[in-house]
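take a look and give me a structure for this.
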Amino acid sequence: MAMSLQARQAQANTAADEFSKIYYETFDKRRQAISKLYQDKANVVWNGNAVAGSDAIIKLFDGLPSSEHTVDGLDTQPIVAGPVDADNTNSIMVTVFGKVKFKDTGAEAFTQTFILSAAENKWKIISDTFRFVI
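Predicted coordinates for the structure are as follows:
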């Protein structure tokens, strides 16, 4: 039986909140484990620099200085139609906004949009777009 749109939104909200906490804690404190949050063929666009595949993503992130993210808010929605899965019941889009401070720099505002897909009861990133806000 298909889940109602209201139930899918509630599921998306809970998943986005939990996932964002795990993601930024991992990125800031255990970056070597960040690859576990991405699908093998995920894509990242980081401030205009596009990379694809988990190896390239890890290489990109390893080149960044240590960081501290603060999430000010997020928005999420279930994906109703798209290329992620046949019925799209296990895909959500999450948009996060906040501040990030990299080693030896001041805090900068950012926005980051993820497309997550659930596989084996775990949310994994298939698309990630990060941008500093000017």
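
show me the longest helix that occurs in this structure.
helix 5-29 (DSSP state H).

so which residues of this protein form helices?
5-29, 54-62.

for residue 105, find the nearest of those helices.
With C-beta to C-beta as the criterion, residue 105 lies closest to helix 5-29 of the helices of the chain, at 14.2 Å. No exception for glycine: its C-beta is placed from N, CA and C like everyone else's.

tilt between the closest one and helix 54-62?
60 degrees (axes from the mean of the first three to the mean of the last three C-alpha atoms, to 10 degrees).

quick one: low-confidence parts of the protein?
Residue ranges of the chain with pLDDT under 70: 1-2, 81-89.

so which residue is smack in the middle of it?
For the chain, residue 114 is the residue whose C-alpha lies nearest the centre (C-alpha atoms, centre = their mean; 3.9 Å).

who's the residue nearest to that one when sequence neighbours are not counted bridged to?
Nearest-residue entry for residue 114: residue 94, 4.6 Å, with adjacent residues in sequence omitted and distances by C-beta to C-beta, 6 or more residues apart in numbering. Here residue 94 sits in beta bridges with residue 76, residue 114, going by DSSP bridges.

can you pull the contacts of residue 94?
16, 19-20, 74-76, 113-116 (C-beta atoms under 8 Å, 6 or more residues apart in numbering).

how near is the residue nearest to residue 131 when sequence neighbours are not counted to residue 55?
Distances taken as C-beta to C-beta, 6+ apart place residue 111 nearest to residue 131, at 5.5 Å, with adjacent residues excluded. Between residue 111 and residue 55 the computed distance is 26 Å (C-beta to C-beta, to the nearest Å).

which of the contacts of residue 94 are buried?
Neighbour-count burial (16 or more other C-beta atoms under 10 Å) applied to these gives 16, 19-20, 74, 76, 113-116.

residue 118 and residue 59, how far apart?
26 Å.
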